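Novice: Below: sequence and its predicted model.
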Amino acid sequence: MHFSIPETEVRSGENGSSYVAYNIHVNGVLHCRVRYSQLLGLHEQIKREYGSNVVPAFPPKKIFTLTPAEVEQRREQLEKYMQAVRQDPLLGANEMFNGFLRKAQQETQQIPTEEVSLDICLSNGQKVTVNILTSDQTEDVLDAVATKLDLPDDLVGYFNLFLIREGVDGGLTFVRKLQEFELPYVSITSLRNSAFHILLRKSYWDMAYDGDVMDSRVGLNLLYAQTVSDVERGWILVNKDQHRQLKSLQEKGSKKEFIHLGQTLKYYGYIKFDPCITDFPEKGCQVVVSAGSNELNFHVKLPSEQMKEGSFKVTRMRCWRVTSSQVPIANGTTNPCSTSKCEVKLELSFEYLMSKDRLQWVTITSQQAIMMSICLQSMVDELMVKKSGGSIKKMLRKRHNGSIHRSDSQHAVKSPPLLDSPDPTREQIVKLSTKLSSVSLRGISASNSTNDISGNDFHGNYAFEGIGDDDL
C-alpha cells in the first residue's frame, strides 16, 4: 500500500485557534487528516514499545509558528516517516500503528460508532448483508460474513475482502485488498460512489488449496461461484469444446467436477487488471496484465498492432517497487500541479532475470499498480511458507482474541445462471518468441516524481532464484 501526504490544510480547532492538518492518502485517496501532535504521540508510543533503534527518524518539534517553507519541509518528512513505518515488517503490522489509522479514518469522516448494515458481494452477483459496527476493522467484517454464510472458522483465512469498482459495462476493476488499518464501512461510505463494492474472493494462489475449501459445502459454493464468474468474464480462457463440457457439468449441478475442469484451463485463479501501458518489449505498449500461478502475464499490443503474450515468473523478480507522482489532468494547460487539477500516476517496476547474467527493469503504468504489488507479495509469502514446510492456514489467518458482533442467521450461496456462449469474435493471441527484444536497463531513480516512495520501499524478493539460460 502506498502512503503519501501530498497536501496540508489550515483548519480551525475547537478553541477557535488554527492548526495545520496533514492529509494522509492511501493509494492516492484521502484516508485521514491528522495533526503533527497526533503523529508525534504515535511515534512516542512506538518508540517506547520497540526502542529508538528501530523507529525511523521523526521531524523535531518547533518552538515558533512554522513558515510555509517549514510546513512543506515537515510534510515531506512526515510522509517519509509514514512510508518507512508502513514498510517495516515489524512496525507496519503493529496494532498501535494500525489502530491509530483506523481511529483517524473514523474521526476524519465524522462517522460515529454505531450498528449498521453492510452489503458484501459474492462472485455470482449475490449480496450478503451483515450487521456490524462502523468501527469494525476488516477482520471483524470478514468474520461476520463467514458467520452469515456458515463458513467454517478454519476456512475463513482462505478468503479476503476486496474493494472493487463496477464499470458501466459490468466489468470489475480490483482497487485493493482491504487492509488491517482501515474500517470497511467507513472506506466504502467515504467514497460516496455507488459503483464501488466490497467483494469476497479467495485469497490464495496455489490451486492445491482448493481441496481444503471444497471439503466444506459453503466453501465449495463460493469457489464454484467464483470459477463460473471468471469464465463468464473471460478471465479463464475456454474453447468451444471446453465450454460445452462446463455447461453440461453446470446443468447437472456437478460443482466439484466443474471446478476440477476449470483448474485445467488457462488463467484459472488469475486476477485480470484493466488495460494499461508498459515499456516492454518497447516503450508505450498497451498491455493487459493478469496475476496468477506465481506470475504476471502480459497480453501486449505492439505499436505495429501485433498482439503478443508472455509471462514474468515471480521467482525471477529480484525486487519490485511502486512509485507515484502528481501529474496534471490533460486540459490544454502546462501549469504545474500546484495551480491546476492533478491525478496520481502509479507505476509498478520490477527487476527481472531475463537470462543467466542479465537483469532488466520492466515498468507497468497503471492505477492498479499497488494491487499488482500486493498480488506479487502474497505470491512470494505463499511460496516461502510452502518452501519452509509451514502451514498456509497460519499464514492466512491470524485471529485476534475478543468477541465480534455477529448475526446468527445463515445465508445460502445460490448457484449462478448457466454460462453464456463464448465470444466467437475474441481475438486470438500470438505467442511471444522465446525471448522478446530487449530494452535498455531502466532504474527507478530516473523518475521525475516528487512523491516517489523512498529507497527503502523496494520489495526484496526472498523467493528469487538464480537460474540458467536453459530454464528461461
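Specialist: The structure has been received and is ready for your questions. As the structure is a computational prediction, the values presented were derived from the model and not from experiment. Residues are numbered from 1 along each chain as shown.

Novice: And for Tyr267, the neighbour number?
Specialist: 18 (other CB atoms under 10 Å). Just so you know, the C-beta spots here come from the backbone N, C-alpha and C atoms, and that holds for glycine as well.

Novice: Who are the contact partners of it?
Specialist: By CB atoms under 8 Å, 6 or more residues apart in numbering, the contact set of Tyr267 is 230, 235-237, 290, 292, 297.

Novice: Can I take it that Ser135 is in a helix?
Specialist: No: read with DSSP: H, G, I helix; E, B strand; the rest coil, Ser135 is coil and lies in no helix.

Novice: quick one: secondary structure of the nearest residue to it once chain neighbours are set aside?
Specialist: Among residues not flanking Ser135 along the chain, Thr113 sits closest, at 4.4 Å (CB to CB, 6 or more residues apart in numbering). Recorded secondary structure, Thr113: coil (three-state DSSP).

Novice: any idea which of the contacts of Tyr267 has the most stuff around it?
Specialist: Ile236 (23 neighbours).

Novice: Would you mind giving the contacts of Tyr267 as a markdown table with pLDDT, secondary structure and distance to Val175 added?
Specialist: Formatted as a markdown table, the contacts of Tyr267 follow (pLDDT from 0 to 100; DSSP: H, G, I helix; E, B strand; the rest coil; distance: CB to CB, whole Å):
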| residue | pLDDT | secondary structure | distance to Val175 |
| --- | --- | --- | --- |
| Asp230 | 96 | helix | 18 |
| Trp235 | 95 | coil | 17 |
| Ile236 | 96 | coil | 22 |
| Leu237 | 95 | strand | 24 |
| Ser290 | 98 | strand | 16 |
| Gly292 | 97 | strand | 18 |
| Asn297 | 98 | strand | 20 |
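
Novice: Out of these, which is nearest to Leu383?
Specialist: Gly292 (13.4 Å; CB to CB).

Novice: how much space between the closest residue to that closest one other than its chain neighbours and Ser123?
Specialist: Closest residue to Gly292 apart from its sequence neighbours, by CB to CB, 6+ apart: Tyr270 at 3.1 Å. Noted for Tyr270: a distance of 14 Å to Ser123, by CB to CB, to the nearest Å.

Novice: what's the overlap in contacts for the two?
Specialist: With CB under 8 Å, 6+ apart as the test, Tyr270 and Ser123 both reach Asp230.

Novice: low-confidence ranges in the stretch 151-300 of the chain?
Specialist: Within the stretch 151-300 of the chain, not a single segment meets pLDDT under 70.

Novice: Confirm that Ala57 sits in a strand.
Specialist: No: Ala57: not assigned to a strand; according to three-state DSSP it is coil.

Novice: mind checking the SS state of the closest residue in space to it that isn't next to it in sequence?
Specialist: Counting by CB to CB, 6+ apart, Tyr81 is the residue found nearest to Ala57 once chain neighbours are left out, at 7.2 Å. Three-state assignment for Tyr81 (three-state DSSP): helix.

Novice: Go ahead and confirm Tyr81 touches Lys47.
Specialist: No: assessed by CB atoms under 8 Å, Tyr81 is found out of contact with Lys47, at 11.9 Å.

Novice: Could I get the pLDDT score of the residue nearest to Ala57?
Specialist: Listed pLDDT for Tyr81 reads 95.

Novice: circling back to that earlier point, so which of Tyr81 and Lys47 has more stuff around it?
Specialist: Using other CB under 10 Å as the criterion, Tyr81 and Lys47 rank with Tyr81 on top: 21 against 14.

Novice: measure that one to Ala291 for me?
Specialist: 30 Å.

Novice: again with Gln326
Specialist: 27 Å.

Novice: ok, now Met317?
Specialist: On the measure of CB to CB, Met317 and Ala291 end up 12 Å apart.

Novice: So which residues of the stretch 251-400 of the chain form helices?
Specialist: Applying DSSP state H, counting those that start in this stretch to the stretch 251-400 of the chain gives helices spanning 255-263, 369-388, 392-396.

Novice: Repeat that for the stretch 101-250 of the chain.
Specialist: 138-149, 184-191, 210-214, 217-232, 240-252.

Novice: Please list all residues in contact with the residue nearest to Ala57.
Specialist: Here Tyr81 is in contact with 39, 43, 56-59 (criterion: CB under 8 Å, 6+ apart).

Novice: any idea how far Asp215 is from it?
Specialist: 46 Å.

Novice: so what strands line up beside the longest strand seen in the chain?
Specialist: For the chain, the strand reaching the highest residue count under DSSP state E is reported as strand 342-355. Paired strands of strand 342-355, with direction, are strand 317-328 (antiparallel), strand 358-365 (antiparallel) (DSSP bridges).

Novice: And those: which comes nearest Leu101?
Specialist: Across those, closest to Leu101 is strand 317-328 (CB to CB), at 18.4 Å.

Novice: So which bits of that closest one are buried?
Specialist: 317-326 (16 or more other CB atoms under 10 Å).

Novice: Now tell me which of the strands paired with strand 342-355 the model trusts least on average.
Specialist: Minimum mean pLDDT among the strands paired with strand 342-355: strand 317-328, a mean of 84.

Novice: just the angle between that one and helix 369-388, please?
Specialist: 170 degrees (axes from the mean of the first three to the mean of the last three CA atoms, to 10 degrees).

Novice: and strand 317-328, how far from the chain's centre?
Specialist: What separates the centre of strand 317-328 from the centre of its chain is 14 Å, taken as CA atoms, centre = their mean, to the nearest Å.

Novice: now the strands paired with strand 342-355 as a markdown table including distance to Ile132?
Specialist: Listed next are the strands paired with strand 342-355 as a markdown table, based on distance: least, CB to CB, whole Å:
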| stretch | distance to Ile132 |
| --- | --- |
| strand 317-328 | 31 |
| strand 358-365 | 35 |
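
Novice: That'll do, ta.
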